[in-house]
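Engineer: Take this sequence and fold it.
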Amino acid sequence: MEMSGQAMPQFLRYLIGGALCAGLEYGSFLLLHHGWTWSLILANTLAYSLGLVLSFTLNKCWVFQGPQRHQTGMQFLVYCCLALLNYSLGTWLLVYLVQTFGLSAWLGKGLSMAAIVVWNFLVYKKVIYR
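Structural biologist: Predicted coordinates for the structure are as follows:
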C-alpha cells in the first residue's frame, strides 16, 4: 500500500469514510440482530446494504475524486460485484466464527468487517476509481 504524501490524504479520507460506513453497518447490525432479534443473515444483509450505499456515495464523491466522476454506471456495477463478493465472504466468515468458534455475533461481525478493509482500498484505488 503506497503511503506517499499524495496517497496519505486519500487513504485518510478512505479511513474516515470507511469508519462512517462501518459505524452505520455495525450499528444497524447490532440493532437488528440484538435489539430486534433478526436472524444473523437477515440482519447482516440489511446492515450491509445500508453501508454499501453510503460507502459508494462517499468513495465516489469524496475519497476517489478525479476524472472518473462521469463513469458512475460502470463503477457502480463493478462496485456491486465487489460488494457481492465481500458480502458473501463476510457473511460466511461471520457465521463460521459464531458457529465454529462460539464467538459472539458482535465480535464475529467486527472481525469479518476488519478482514475486508485493506483489500477494498486496493481494489477501489486500482480498479474501480482509477
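Engineer: Now do the buried residues in the biggest helix by length in the chain.
Structural biologist: As assigned by DSSP state H, the longest helix anywhere in the chain is helix 72-101. The neighbour-count check on helix 72-101 (16 or more other Cβ atoms under 10 Å) flags 75, 78-79, 82-83, 86-87, 90-91, 93-95, 97-98 as buried. All C-beta spots, glycine's among them, are computed from the backbone N, C-alpha and C.
Engineer: so how far is it off the chain centroid?
Structural biologist: Chain-centre distance of helix 72-101: 8 Å, with Cα atoms, centre = their mean, to the nearest Å.
Engineer: That one - contacts with which helices or strands?
Structural biologist: Counting by 3 or more Cβ pairs under 8 Å, 6 or more residues apart in numbering; DSSP states H and E, the packing neighbours recorded for helix 72-101 are helix 40-58, helix 105-114, helix 117-123.
Engineer: What are the contacting residues of the first one?
Structural biologist: Outside helix 40-58, the residues within contact range by Cβ atoms under 8 Å, 6 or more residues apart in numbering are 17-18, 20-22, 24-26, 28-29, 32-33, 36, 38, 76, 79-80, 83, 87, 90-91, 94-95, 98, 105, 109.
Engineer: what does the shortest one give?
Structural biologist: Surrounding helix 117-123, the residues in contact under the criterion Cβ under 8 Å, 6+ apart are Met1, Phe11, Tyr14, Gly18, Leu82, Asn86.
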